[in-house]
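Peer 1: Test case, fold it:
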Amino acid sequence: MARVYRPDYILCNNDALFRWQFGEVTKGNGSVYRLKLARLEDEIVGCLGYIPVDVSLGGQVVRGAWVVNWMVDPLQRRLGLGPLLMREVTSQFDVALNVGPNRDARDLLGRMGWTDFGELARYVCVLDIRAAGSLTRNGKLQWPLVEPRLGEGNLPAGTAVKLVHRFCDEATQLWDAVWGRQAAGTRRSAEFLNRRYADHPSFNYRLFELRQSGSLSGVAVYRVEQVQDMPVRLGRIVELVSKPGVEEDLLRALLDDARLQEIAAVDFFCSSDRLSAIMSRQGFLSGEEAAASQLPTLFQPIDWRRKSISFMAYLRNTPKAIEVHDWYVTKGDGDQDRPN
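Peer 2: Numbers count the residues shown, from 1 in each chain. Predicted structure coming up:
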């Protein structure tokens with residue numbers, strides 16, 4: 001990783017993060033890692049990590065994996081090790097998924113039979129125009145005035161939103177009811193959500209539950225990110241799952257919390273356009289709009305070179321998967337929401 005990426009790459013120096021991302025919980029053996037390696041004599045010359053997950057696929061649950069950290073030593077790429085490593089993983093799962101491949105990887109995966117679902121939509125909401133303006137190229141932000149939001153105010157009777165440390169088992173049933181029956185994506189079970197967010201070794205995610213008459217009806221997750229070398233904070237939403245009719249109550253509660261955290265702007269990457277109208281009504285602009293495109297997507301440090309996150313899937317092992325087009329994929333999938 002140090003040779004192919006850089007010596008200060010986070011996984012080269014953060015043992016806890018490395019173990020969290022690749023380590024496998026085993027009985028009496030803590031040195032098992034979800035990594036495929038290519039060796040040439042005594043040297044590792046290729047690597048592909050993978051994160052096994054349950055995947056909801058139009059009403060069924062299948063075995064899947066997110067592939068991450070696909071790399072081959074530049075001096076050995078003539079050997080075809082990259083495709084060999086990838087086939088080793090795809091042969092073991094019903095579905096393989098990849099979020100954030102670069103242009104070269106995207107082209108190669110397409111030739112290997114992967115389906116390209118394009119870019120995740122980005123939604124941006126500015127809470128402090130002056131602070132957010134300091135993140136633009138010219139230090140000024142042109143942002144439209146937001147009209148008063150219909151229905152904004154106190155929560156409906158019997159509805160409550162609160163910050164929690166971990167999600168309960170009801171989160172699994174919520175996901176299955178909201179997304180699992182007709183759409184596709186990593187099954188947001190309580191086990192997955194807690195491992196991904198509550199147990200993260202580097203980030204302190206803020207976990208929210210919305211309940212109606214005591215029953216879990218929505219979950220949301222975001223984190224506060226401090227911009228490198230600047231006194232500006234961002235909110236990065238990674239989950240928004242709720243029953244119809246209460247999505248905006250949950251989102252407003254999250255934004256209220258973000259204001260208390262003195263956050264300048266909030267963004268959310270999500271592949272499904274099912275949420276687009278909800279985000280718009282709560283003051284979010286599409287990342288493709290001129291106003292939203294004034295803000296970068298990377299802040300450690302600010303980097304303008306990358307503006308989007310692509311999503312691809314290998315579905316040939318499960319032919320019925322090709323019939324499902326509504327995928328719920330966010331920045332919380334794979335390894336996209338990570339320390340730089």
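Peer 1: host element of the residue nearest to residue 328 when sequence neighbours are not counted?
Peer 2: In space, and not counting its chain neighbours, residue 328 is closest to residue 185: 3.7 Å by Cβ to Cβ, 6 or more residues apart in numbering. Glycine gets a C-beta too; all of them are placed from N, C-alpha and C. Element membership for residue 185 (DSSP states H and E) is strand 184-186.
Peer 1: Show me what that strand packs onto, helices and strands only.
Peer 2: Counting contacts by 3 or more Cβ pairs under 8 Å, 6 or more residues apart in numbering; DSSP states H and E, strand 184-186 is packed against strand 43-57.
Peer 1: Which of the residues in the strand it packs on are classified as buried?
Peer 2: For strand 43-57, a neighbour-count test (16 or more other Cβ atoms under 10 Å) marks 45-51, 53-57 as buried.
Peer 1: returning to what we had before: give me the mean pLDDT for the strand holding residue 185.
Peer 2: Across strand 184-186, pLDDT averages out at 97.
Peer 1: which other residues reach that strand?
Peer 2: The contact list for strand 184-186 (Cβ atoms under 8 Å, 6 or more residues apart in numbering) reads 53-58, 64, 66, 97, 179, 192, 321, 324, 326-329, 333.
Peer 1: State the mean pLDDT of stretch 214-231.
Peer 2: Stretch 214-231 shows a mean pLDDT of 97.
Peer 1: Quick one: distance of that stretch to the chain centre.
Peer 2: Taking Cα atoms, centre = their mean, to the nearest Å, one finds stretch 214-231 lying 12 Å from the centre of the chain it belongs to.
Peer 1: where do the strands sit along the stretch 151-300 of the chain?
Peer 2: 159-164, 184-186, 206-212, 215-226, 233-242, 265-270, 285-286, 298-299 (DSSP state E, counting those that start in this stretch).
Peer 1: got the CA positions of the first one in CSV?
Peer 2: It refers to strand 159-164. C-alpha atoms of strand 159-164 as CSV (Å, rounded to 0.1, in the frame of the first residue of the first chain):
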residue,chain,number,x,y,z
THR,A,159,-43.4,11.0,17.2
ALA,A,160,-39.9,11.4,18.7
VAL,A,161,-36.3,11.6,17.4
LYS,A,162,-33.4,11.0,19.7
LEU,A,163,-29.7,10.4,19.5
VAL,A,164,-28.6,6.8,20.4
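Peer 1: Which elements pack onto that strand?
Peer 2: Strand 159-164 packs on strand 206-212, helix 247-260, going by 3+ Cβ pairs under 8 Å, 6+ apart.
Peer 1: Please convert those to TSV, extending it with distance to residue 223 and mean neighbour count.
Peer 2: Output for the helices and strands packed on strand 159-164, formatted as TSV (distance: least, Cβ to Cβ, whole Å; neighbours: other Cβ atoms under 10 Å):
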stretch	distance to residue 223	mean neighbour count
strand 206-212	7	21
helix 247-260	10	19
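Peer 1: Let's have those in TSV, adding distance to residue 82.
Peer 2: Shown next, in TSV, are the helices and strands packed on strand 159-164 (distance: least, Cβ to Cβ, whole Å):
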stretch	distance to residue 82
strand 206-212	37
helix 247-260	39
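Peer 1: Between these, which one is closest to residue 86.
Peer 2: Of all those, it is strand 206-212 that lies closest to residue 86, at 33.5 Å by Cβ to Cβ.
Peer 1: The closest one to strand 159-164, inter-axis angle?
Peer 2: Per axes from the mean of the first three to the mean of the last three Cα atoms, to 10 degrees, the angle that strand 206-212 makes with strand 159-164 is 150 degrees.
Peer 1: quick one: strand 206-212 to chain centroid distance?
Peer 2: With Cα atoms, centre = their mean, you get 19 Å for strand 206-212.
Peer 1: elements contacting it?
Peer 2: Using 3+ Cβ pairs under 8 Å, 6+ apart: strand 206-212 touches strand 159-164, strand 215-226, helix 247-260.
Peer 1: between these, which one is nearest to residue 301?
Peer 2: Closest among the helices and strands packed on strand 206-212, once you apply Cβ to Cβ, is strand 215-226, at 11.5 Å.
Peer 1: by contact count, what packs against the closest one?
Peer 2: helix 170-175, strand 206-212, strand 233-242, helix 247-260.
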